[in-house]
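> sequence and predicted structure are below.
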Amino acid sequence: MGQKKCAIQQSSEPPHPGAEGELRIAPTRLPPGAEKLFGRKANLKQIDHAWMDSSIHVLVIAAWGGAGKTSLIVEWMARQAVAGWPNFERVFDWSFYNQGTSDRGGNFSDLFITNALEFFGGEEGKRLAGSNMNLRDKGVKLAEFVLRSRSLLVLDGLEPLQHLSGSDKGKLKDPAISALLTGLAQSNPGLCVVTSRLLVADLAHFQSTTVQLLELKALSVPAGVQLLKRLGVSGEKKEFRTLVKDVGGHALTIDLLGRYLARAHGGAIRQRNKVRINKADQEIRGGHAFRVMQAYEKWLSEEAEHGGRQLCVLYLLGLFDRPADSGCLEALRREKIPGLTEPLMGLEDDDWNLTLTALEECGLVLLPTRQGKTSATEFGSTQWVDAHPLIREYFGYDPRHVVLRTIACSGIFKGGRICRSPWRMWNSFIERLLTAAVRVFTPRLSNWYYVLEFTGGRPITVFLITVR
């Protein structure tokens, strides 16, 4: 991602108590944005205006997946960091995509609420975070802490916490986040920025008063052409314009397609017919981007050993609804799962890192960025490999295997023996549970595997992989 993301990180410090008015910045949790933004100058000015206008308390940036919402806010924050965060007292951001995108039965905002209470509320916040106070009241208290200073609070990728359809479409499922946003809409000396694919129904009453909506449009034709050329695509002017129009100016599609043409076809735009772009795809969420991923899938499958490894990594990332913990990936790639992990068997760490780097250059995976360098092994205290949610979604539907993301039983065995000895007891329990489930629901399956993903000493995700 380069220097912009690094600028935010270098300005970030672990939270610590400080005097009122003293600048405090929490380590950023946002994924890397685009290396360079095109065609978003007016949008950046809109965010500037929202920050400076005291009557605007919440800014909602809404657009389809892949339009560039996260890249926009990362770019804006990087510019503030370079300028020394003028007129900021507190800066805290959070990506809900990094928590996962599925509802596993537990409270989705727990981790965010805990971290935010401790950051904004100090010792009192820490006490409340560990208390039995109900979720809505915790959200109310967090809002009170936030408005004590001129704070920037960024909530990126809020849609996993929203109802996606029906009469409640856009309404928050989480009472803590609903209370927080409602409280900040009522009073906020700083600014809360929310990004989502959906409008936030809970804030409808504040629309056009204290809540401002920024609907991120598709890239203009000139901006799309600039992006393609930066990625190394060459051709006639008319061909560039036609291509951008054909994909509806969708930022992620243009980025992936430009990288694909550069790597697979020497940048020749005339080879765009290798990707079957249909007009009907524009009506499907991520449709054009999926066509490019399909072309990548075909190209990598024909690239012998190296392509097979890269494709295998993408299929593994498709198992996750969040950044893939390196420990989980390590467990998966060391286990021989027929039709899935054979290309990674016996792979040395150097070759593994080269595989990830190649995928990053294609724009297909995101790796942690520290000190201006990209690393597949360390980001703060967490090791991870990630991909854009649309990319994870596409490769999660590989027909060679079925993935059942089962519950994490979070909260079911609180205080029990299982929680005190998680690895041994949970492995035994989950194995018995899944064995019984497989026998009942899929009796013909003989080859199946499971992986446990742990956070804070308890499993949060169970992956059941069945090989046909």
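Ah, there it is.
> any weak-confidence spans in the protein?
Applying pLDDT under 70 to the chain picks out residues 1-21, 98-108, 278-287, 369-382, 397-468.
> redo that, cut-off 80
Filtered on pLDDT under 80, the chain yields the residue ranges 1-21, 97-108, 276-288, 303-305, 319-322, 325-340, 368-383, 396-468.
> so what are the domain limits for it?
The chain is divided into the following domains under automatic domain parsing: 3-215, 221-301, 399-468.
> starting at the chain centroid, how far to whichever strand or helix holds Val225?
If you go by DSSP states H and E, Val225 is part of helix 221-230. Centre-to-centre, helix 221-230 and its host chain are 25 Å apart (C-alpha atoms, centre = their mean, to the nearest Å).
> what comes up buried for it?
Val221, Ala223, Gly224, Val225, Gln226, Leu227, Leu228, Lys229 (16 or more other C-beta atoms under 10 Å). All C-beta spots, glycine's among them, are computed from the backbone N, C-alpha and C.
> now, which of these sits nearest Leu203?
Ala223 (29.3 Å; C-beta to C-beta).
> ok, that closest one - contacts?
Phe38, Gly39, Arg40, Gly249 (C-beta atoms under 8 Å, 6 or more residues apart in numbering).
> which stretches in the stretch 151-300 of the chain count as strands?
151-156, 191-196, 211-215 (DSSP state E, counting those that start in this stretch).
> CA atoms of stretch 250-259 as CSV?
Backbone C-alpha positions of stretch 250-259 (Å, rounded to 0.1, in the frame of the first residue of the first chain) are rendered in CSV as follows:
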residue,chain,number,x,y,z
HIS,A,250,-15.9,0.1,-10.5
ALA,A,251,-12.6,0.8,-8.7
LEU,A,252,-11.8,-2.7,-7.6
THR,A,253,-12.6,-4.2,-11.0
ILE,A,254,-10.4,-1.6,-12.8
ASP,A,255,-7.6,-2.3,-10.4
LEU,A,256,-7.8,-6.1,-10.7
LEU,A,257,-8.3,-6.0,-14.5
GLY,A,258,-5.3,-3.6,-15.0
ARG,A,259,-3.0,-5.8,-12.9
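> list of residues touching it?
With C-beta under 8 Å, 6+ apart as the contact definition, stretch 250-259 has outside contacts at 34, 64-68, 71, 218-219, 224, 227-228, 230-233, 243-244, 247, 272, 275, 288-289, 291-293, 296, 361-364, 388, 390.
> make CSV out of the strands of the stretch 151-300 of the chain and add distance to Gly139 and mean neighbour count.
What follows is the strands of the stretch 151-300 of the chain, written out as CSV (distance: least, C-beta to C-beta, whole Å; neighbours: other C-beta atoms under 10 Å):
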stretch, distance to Gly139, mean neighbour count
strand 151-156, 12, 24
strand 191-196, 12, 24
strand 211-215, 17, 18
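> between the ones you listed, which one is nearest to Ser54?
Of all the strands of the stretch 151-300 of the chain, it is strand 191-196 that lies closest to Ser54, at 9.6 Å by C-beta to C-beta.
> what about the closest one, distance to the chain center?
Relative to the centre of its chain, strand 191-196 is centred 15 Å away, using C-alpha atoms, centre = their mean.
> stretch 265-280 now?
Distance of stretch 265-280 from its chain centroid, counting by C-alpha atoms, centre = their mean, is 27 Å.
> what's near enough to touch the closest residue to Phe145 other than its chain neighbours?
Counting by C-beta to C-beta, 6 or more residues apart in numbering, Phe120 is the residue found nearest to Phe145 once chain neighbours are left out, at 3.8 Å. For Phe120, the contact set (C-beta under 8 Å, 6+ apart) comprises Arg90, Phe92, Leu142, Phe145, Val146, Arg148, Ser149, Ser151.
> which positions within the one helix or strand Glu123 maps to qualify as buried?
Assigned by DSSP H and E, Glu123 belongs to helix 110-129. For helix 110-129, a neighbour-count test (16+ other C-beta under 10 Å) marks 110-121, 125, 128-129 as buried.
> just stretch 68-82 next, same as before
Judged by neighbour count using 16+ other C-beta under 10 Å, the buried positions of stretch 68-82 are 68-78, 80-81.
> so Trp94, which of the three states?
Here Trp94 is recorded as strand under DSSP: H, G, I helix; E, B strand; the rest coil.
> hmm, it is touching Leu152, no?
No: counting by C-beta atoms under 8 Å, Trp94 does not reach Leu152; the two are 11.8 Å apart.
> how about the nearest residue to the residue nearest the centre of the chain, chain neighbours excluded?
The centroid of the chain falls nearest to Tyr97 when counting by C-alpha atoms, centre = their mean (3.7 Å). In space, Tyr97 comes closest to Gly157 once its chain neighbours are excluded; the distance is 4.0 Å by C-beta to C-beta, 6+ apart.
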